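K.L.:
Sharing a sequence plus its predicted fold:
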Amino acid sequence: MSEQSFCKSSEKVANQTFHTDRPDLPECFQLSVLSWLPCIYLWAVCPIYLFYLKRNNRGYIMMSIMNRFKTVFGLLLWIVCWTDLFYTFHELRQGNTQPPIYFVTPLVLGMTMLLATFLIQFERLRGVQSSGVLFIFWFLCVLCAIVPFRSKILQASSQSEVNDKLRFTTFYFYFAFVVCELILCCFNEKPPLFSNVVTDPNPCPEATAGFLSTMTFWWFTRWVHTGVCIPMPHP
């Protein structure tokens with residue numbers, strides 16, 4: 001199956017990408033590679049991660065407000081993706097046939113968002129306070145959505161009226177929700193129930209640091225600040 005049959009045929013792609021004052025990536029590349037990359041990552045690591053969670057049960061975490069927001073945003077992302085899919089079927093019934101990419105990408109994204117929502121709850125049941133797997137996934141989603149976000153802004157500014165208003169709207173909702181998921185994923189959940197109580201008056205922050213804090217060594221700044229504030233005993 002050729003690119004023209006799988007994606008919407010586009011004329012003068014090279015001129016639109018390189019020979020212009022506002023270069024932009026082809027729509028087929030945006031709908032395929034940029035959309036599928038986060039999905040491929042999550043589905044690839046999911047079997048190993050689920051096996052790890054089953055072997056490492058840290059306890060049960062009560063559902064917090066932050067966890068509820070994560071779950072709601074995940075379900076909303078699933079609804080947004082499948083809205084595009086059902087709209088494509090509606091266009092097909094109206095006689096406006098779309099390329100297969102308009103069926104495949106919303107389906108793949110919708111299934112992946114359901115998987116991410118499942119992982120949010122499964123991690124909570126296994127006592128995961130900060131998820132590195134989901135943080136990378138949401139980061140990839142935001143990173144890969146920046147290019148289509150810019151592309152749609154350029155299209156809207158160059159056209160007097162947007163032709164595909166529904167897909168424009170659903171994409172803006174998609175971008176907003178993945179950004180919210182990424183922000184929420186930066187914060188830690190509460191400790192699991194019946195976990196060991198820390199009695200050390202000056203515990204090391206690394207033990208409770210989240211994934212982002214561990215990767216950026218932000219916990220070390222807090223540790224240095226705490227260490228400086230504690231008066232040293234006299235000999």
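P.N.:
In hand now; what should we look at?
K.L.:
What's the local residue count around N56?
P.N.:
The number of residues packed near N56 is 10, by other Cβ atoms under 10 Å. C-betas here are computed from N, CA, C, even on glycine.
K.L.:
And it, how far from G127?
P.N.:
9 Å (Cβ to Cβ, to the nearest Å).
K.L.:
For burial, what's the neighbour tally of the closest residue to C28 other than its chain neighbours?
P.N.:
Once flanking residues are discounted, C28 sits nearest to C7: 3.4 Å by Cβ to Cβ, 6 or more residues apart in numbering. By other Cβ under 10 Å, the residues close to C7 number 21.
K.L.:
So which residues of this protein form helices?
P.N.:
Per DSSP state H, the chain has helices spanning 3-6, 13-17, 27-55, 65-93, 101-125, 132-158, 165-184, 211-216, 218-229. These are given in chain order.
K.L.:
Contacts only, for the residue nearest to the spatial centre of the chain.
P.N.:
For the chain, W138 is the residue whose C-alpha lies nearest the centre (Cα atoms, centre = their mean; 2.3 Å). Shown in contact with W138 (Cβ atoms under 8 Å, 6 or more residues apart in numbering): V178, E181, L182, C185.
K.L.:
Quick one: the residues you listed as TSV, columns for pLDDT, distance to P106 and neighbour count too.
P.N.:
Conversion of these to TSV gives the following (pLDDT from 0 to 100; distance: Cβ to Cβ, whole Å; neighbours: other Cβ atoms under 10 Å):
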residue	pLDDT	distance to P106	neighbour count
V178	97	15	26
E181	96	18	26
L182	95	21	19
C185	91	23	24
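K.L.:
quick one: L125 from P100, how far?
P.N.:
For L125 relative to P100 (Cβ to Cβ), the value is 38 Å.
K.L.:
go on, Q129?
P.N.:
41 Å.
K.L.:
Over to A156?
P.N.:
26 Å.
K.L.:
Also Y172?
P.N.:
Distance of Y172 to P100, given as Cβ to Cβ: 24 Å.
K.L.:
Okay, now the unreliable bits of the protein?
P.N.:
1-6, 8-23, 194-235 (pLDDT under 70).
K.L.:
one step back: okay, Q129 and P100: which has more neighbours?
P.N.:
Neighbours per residue (other Cβ under 10 Å) separate Q129 from P100, with Q129 holding more: 19 against 12.
K.L.:
The more buried one is in contact with N188, isn't it?
P.N.:
Yes. Counting by Cβ atoms under 8 Å, N188 is a contact partner of Q129 at 4.7 Å.
K.L.:
Report how many residues lie close to the residue lying closest to Q30 once chain neighbours are set aside.
P.N.:
Spatially, and ignoring its direct neighbours in sequence, Q30 is nearest to P148 (4.7 Å; Cβ to Cβ, 6+ apart). As a burial measure, P148 scores 20 neighbours (other Cβ under 10 Å).
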